[in-house]
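Novice: Sequence plus the predicted model coming up.
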Amino acid sequence: MLKPIHFVSPDEAVKVIKSGDHVHLSAVASAPQCLIQAMCRRGRAGEFRDVHVHHLHTEGPAPYASEEFHGIFQLDSFFVGANVRKDTQSGYADYIPIFLSETQRLYRCGAVPCNVAMIQVSPPDKHGYVSLGTSVDASLGAIEMADHVIAVINKYVPRSFGQAMIPMSKIDTFVQDDQPLIEAHFAQPNEIEARIGRNCAELIEDGATLQMGIGAIPNAVLSQLMGHKNLGIHTEMFADGVLPLVEAGVINGEAKHIDTGKIVSTFLMGSQRVYDFIDDNPGVLMMDVGYTNDPYVISKNDRVTAINSALQVDLTGQVCADSLGTKFYSGVGGQIDFVYGASLSKGGKAIIAMPSMTNKGVSKIAPVLNPGAGVVTTRNHIHWFVTEHGAVDLYGKTLQERARLIISVADPSAQEELDRAAFERFGSHHHYVKSYMKK
């Protein structure tokens, strides 16, 4: 028999936080909103100062990052999400540059202390296990290292398997708060995104193991895969786009060498359909980010095809994905983990896919990256590069060959200027675009 759980109020639970503490929050849809609000009430009341908050990106409000709490809370996030972007860019919050795979290691090796871990979990099963549900990420490392673990038990948190299941004995304080998880809905791909999706889908072979980032392009790729066979998923996150492929038997994981037949992820972001899909589903393993994003684990499957996006790419193949010039926009995330893992995989393909132009009509392919732009995937890591104008393989290509290939998938309106820049930079008797233009 399980002992009845002793619940306390959110305000009571957060009394353990004291000045100078480091607090971990579970991420994405699993951010414990009632504890965040209670923590901020204590902050407003002047009960502590200099509390450091850490998390991957979260959905929902993040008031602790704002100017109001300057000197009370200091957000040092592992990824800059949309809800803290303005505060991070204006200096009220900060960012720790880190590969997603190593976010858990920051806690486990002690580089970032963890005094209090605040998480959200499912109700316990008859064996006394609760599930971290939609978000395992770096929370396991935080739970292991924390002095004090506060868990919100929420009936809407799905019971996911893998490393998401933890015994209640790991938790010090329980709060009850049943509120539906925040959903993420993605717009239908526009025409450009659909073309990028088709160009990526053509590179995906039967039996491939897929990793997709987030947003319109991954959804556009997935929508093109109904004719494929025996696809697998080993990713950091997935959303609604995989569900029709699972239902149709296209994604079955049968060709995977490790976790055969299973979908592997560390967090998810999607509609209620996705949360329902993982609930009590032994076909989905929600794992520690140190496992999902380890390049050597990733590479154990064959034909790993990783599709990630970029903000800007230069003529040598340097990929900026975390900042717009000097302004931090997102973070490194798992891009390099999967680019490298896919590159090491037998028959694997690492793909960087992006529209050739911004919404404002500026070429995202540039002679050089904007001053201050962060190189996330280096020119040594890049393999496939895809825009709506085609797909080119840059692996093993010289600087001059790369420039020609990259220009060939740029927007036609930008090609002449890029051509001139390539000629001035690399000099050569070759005509850049003219000889390599794709008809």
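Specialist: Good, I have the coordinates. Residues are numbered from 1 along each chain as shown.
Novice: roughly how far is the longest helix seen in the chain from the heart of the chain?
Specialist: Counting residues, the longest helix in the chain under DSSP state H turns out to be helix 412-426. Helix 412-426 sits 33 Å away from the centroid of its parent chain (C-alpha atoms, centre = their mean, to the nearest Å).
Novice: do stretch 189-205 as well
Specialist: The answer for stretch 189-205 is 20 Å, by C-alpha atoms, centre = their mean.
Novice: pull the CA atoms of it into CSV?
Specialist: Extracted as CSV, the C-alpha positions of stretch 189-205 are listed here (Å, rounded to 0.1, in the frame of the first residue of the first chain):
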residue,chain,number,x,y,z
PRO,A,189,3.8,25.1,-44.0
ASN,A,190,3.7,27.9,-46.6
GLU,A,191,4.8,27.2,-50.2
ILE,A,192,8.5,27.9,-49.6
GLU,A,193,8.5,25.6,-46.5
ALA,A,194,6.7,22.9,-48.5
ARG,A,195,9.4,23.1,-51.2
ILE,A,196,12.1,22.8,-48.6
GLY,A,197,10.2,19.9,-47.1
ARG,A,198,10.1,18.1,-50.4
ASN,A,199,13.8,18.7,-51.0
CYS,A,200,14.6,17.2,-47.6
ALA,A,201,12.2,14.3,-48.0
GLU,A,202,14.0,13.2,-51.2
LEU,A,203,17.2,12.7,-49.2
ILE,A,204,15.5,10.4,-46.6
GLU,A,205,15.9,6.7,-47.4
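Novice: Pull out the buried residues from that stretch.
Specialist: For stretch 189-205, the neighbour count (16 or more other C-beta atoms under 10 Å) marks 189, 192-201, 203-205 as buried. Using the backbone N, CA and C atoms, a C-beta is placed for each residue, glycine as well.
Novice: give the contact list for residue 37.
Specialist: Applying C-beta atoms under 8 Å, 6 or more residues apart in numbering to residue 37 gives the contacts 10, 63.
Novice: Residue 177 versus that one, what's the distance?
Specialist: 10 Å (C-beta to C-beta, to the nearest Å).
Novice: Touching both of those two, which residues are there?
Specialist: Common neighbours of residue 37 and residue 177 (C-beta under 8 Å, 6+ apart) are residue 10.
Novice: neighbours around residue 305, how many?
Specialist: Number of residues near residue 305 (other C-beta atoms under 10 Å) recorded here: 26.
Novice: Dig out what it forms beta bridges with.
Specialist: residue 210, residue 349 (DSSP bridges).
Novice: okay but it is in contact with residue 212, surely?
Specialist: No - judged on C-beta atoms under 8 Å, residue 305 makes no contact with residue 212 at a distance of 9.2 Å.
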